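S.K.: give me a 3D structure for the following:
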Amino acid sequence: MPETPIAIALHGLKKTYKLYERPADRLLDAIGLKRGRIGEMHALNGIDLTIRQGETVGIIGKNGAGKSTILKIVTGVCSPTSGEAIVNGRISALLELGAGFNMEYNGIENIYLNGTMMGFSEKEIKEKLPAILDFADIGDYVKQPVKTYSSGMFVRLAFAVAINIEPEILIVDEALSVGDVFFQAKCYKKFAEFKQMGKTILFVSHDLSSIAKYCDRVVLLDQGEILGEGSPKEMIDAYKRVLAGHYGAAGAYAGETDAVPGIQEYGSREALIEAYHISEKDGPKTGAISKGQEFTLHMQIRFMTAITDPIFAFTIKDSKGTELTGTNTMAEKAFFGTVPAGSVKKIRFSQKMLLQGGDYLISFGVTGFEGGDFKVYHRLYDALPLSVISDKDTVGYFDCGSVVEIV
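M.R.: Numbers count the residues shown, from 1 in each chain. Model (predicted):
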């Protein structure tokens, strides 16, 4: 069976920005008088990445990791310092929405302007116009100069133009959060349609739930380098370790260990999660809870050093790695003061099961703040399986517990 054709290929991609003390120093450097330059910033450090047609690939990482720089190079907004980006297919980019709009033109004129810039004929734009206007849904304002639009109307029109040109490759950078909740729902529906149609999608977002829901593969970026590629679940878990400063660090227990075989864990280990289980409200240990039933999550933590105001937490995820719910003792306003070294604390979280029937995974954590900085003492990912039993599943992730009356 032949391989699926390549949509985007990045080879040795590097991007370096020069840093200057004063704007005038940039001009001096441009004419060969290299005065005042104070250094360089390496946004990308040799990126190799292949995306095949029909894939939805997410890029995640901290601010400044180089995510947006990759998208700008792929879309031709800027050029790499070295290396190359090969793109096969027509691109629509949801980056800086409305960047090509003329503020003096009205909405209709800007649609034709942008369509022409994208390579469409006047006839083709005219055919797409009804779909664009319907998606934007800004009424007669489309006949008014864009400079009179509210920010909401502006992004709605810009998004509608970008999403309705039938691209082969869609580039998205946090753009699905524009507008009100109704427009956001429309944007996500269109995004899902693109995925179902087999379009290639390159997606950058801090919304990890959307990354888990839509992406086939995720790339984790940090300081201009690829730390890893894999399933959304694997890379989201790795990203959380990056955020906590424990990704692959020596002695940081970033992977599987003998202490808890088969479970991903990390942290400084100044406090250790020794045991955990689920029980019915006043019953024995169990791995299955009926929907609507009261249940308790138990944690036992041993403190290797004295810790002030430790925070105990749990999260419940679905099989794709999407975090559905969870809480921690700080959110619940339960504070512990300073816990001495050698102490053992048992924590119980009690609540009613509202999730739909299905299989879930529970993660546990002990964290805190030292000198104002967040610190992870011990975190266990996907440590405990949970089955929810239900004879009535409603829409979505959880049951509202509705009571029906006919009057």
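
S.K.: what's the local residue count around the residue nearest to P340 when sequence neighbours are not counted?
M.R.: Of all residues not flanking P340 in the chain, A306 sits nearest, at 5.3 Å (CB to CB, 6 or more residues apart in numbering). The way it works is simple: take the backbone N, C-alpha and C, and place the C-beta from them, glycine included. For A306, the count of nearby residues is 12 (other CB atoms under 10 Å).

S.K.: again with H11
M.R.: 15.

S.K.: can I assume it sits in a strand?
M.R.: Yes: H11 forms part of a strand when assessed by DSSP: H, G, I helix; E, B strand; the rest coil.

S.K.: for it, list each beta-bridge partner.
M.R.: E84 (DSSP bridges).

S.K.: contacts only, for it.
M.R.: D48, G83, E84, A85, I86 (CB atoms under 8 Å, 6 or more residues apart in numbering).

S.K.: relative to the whole chain's centre, how far out is whichever helix or strand G368 is part of?
M.R.: G368 belongs to strand 358-370 when assigned by DSSP states H and E. Distance of strand 358-370 from its chain centroid, counting by CA atoms, centre = their mean, to the nearest Å, is 18 Å.

S.K.: using the three-state scheme, assign A158.
M.R.: helix.

S.K.: that one: neighbour count?
M.R.: With other CB under 10 Å as criterion, A158 counts 25.

S.K.: do you know how far D373 is from Y141?
M.R.: Here D373 is placed at a distance of 48 Å from Y141 (CB to CB, to the nearest Å).

S.K.: no wait, K333
M.R.: Separation of K333 from Y141 (CB to CB): 46 Å.

S.K.: ok, back up a step: now the buried members of the contacts of H11.
M.R.: Using 16 or more other CB atoms under 10 Å as the burial test, the contacts of H11 include G83, A85 as buried.

S.K.: would you format the contacts of H11 as JSON lines with distance to P385 included?
M.R.: As requested, the contacts of H11 are exported to JSON lines (distance: CB to CB, whole Å):
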{"residue": "D48", "distance to P385": "37"}
{"residue": "G83", "distance to P385": "44"}
{"residue": "E84", "distance to P385": "46"}
{"residue": "A85", "distance to P385": "42"}
{"residue": "I86", "distance to P385": "43"}
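
S.K.: from the contacts of H11, which two are the most distant?
M.R.: Across those, no pair lies farther apart than D48 and I86, at 11.9 Å, counting by CB to CB.

S.K.: got any residues that touch both of these two?
M.R.: In contact with both D48 and I86: L10, H11, using CB under 8 Å, 6+ apart.

S.K.: A160 touches K128, doesn't it?
M.R.: No: here A160 does not reach K128: they are 10.0 Å apart, not a contact under CB atoms under 8 Å.

S.K.: returning to that earlier point: quick one: the following helix or strand past the strand holding G368 to strand 358-370, angle?
M.R.: Per DSSP H and E, the first helix or strand lying C-terminal to strand 358-370 is strand 373-389. When axes from the mean of the first three to the mean of the last three CA atoms, to 10 degrees is applied, the directions of strand 373-389 and strand 358-370 differ by 160 degrees.

S.K.: may I see the buried residues of strand 373-389?
M.R.: Neighbour count says strand 373-389 has K375, V376, Y377, H378, R379, L380, Y381, D382, A383, L384, L386, V388 buried, by 16+ other CB under 10 Å.

S.K.: state the mean pLDDT of it.
M.R.: For strand 373-389, mean pLDDT rounds to 91.

S.K.: how about S79: what's its closest non-neighbour residue?
M.R.: Per CB to CB, 6+ apart, closest to S79 is I73, 7.0 Å.

S.K.: actually L384, not the one I wrote
M.R.: I362 is the one closest to L384 (CB to CB, 6+ apart), at 4.3 Å.

S.K.: give me the distance between that neighbour and E55.
M.R.: 31 Å.

S.K.: and for L227?
M.R.: Separation of L227 from E55 (CB to CB): 19 Å.

S.K.: what of E332?
M.R.: 41 Å.

S.K.: of these two, which one has the most company?
M.R.: E55 (20 against 11).

S.K.: is it true that that one touches Y214?
M.R.: No: using CB under 8 Å, E55 is not in contact with Y214; the gap is 11.2 Å.
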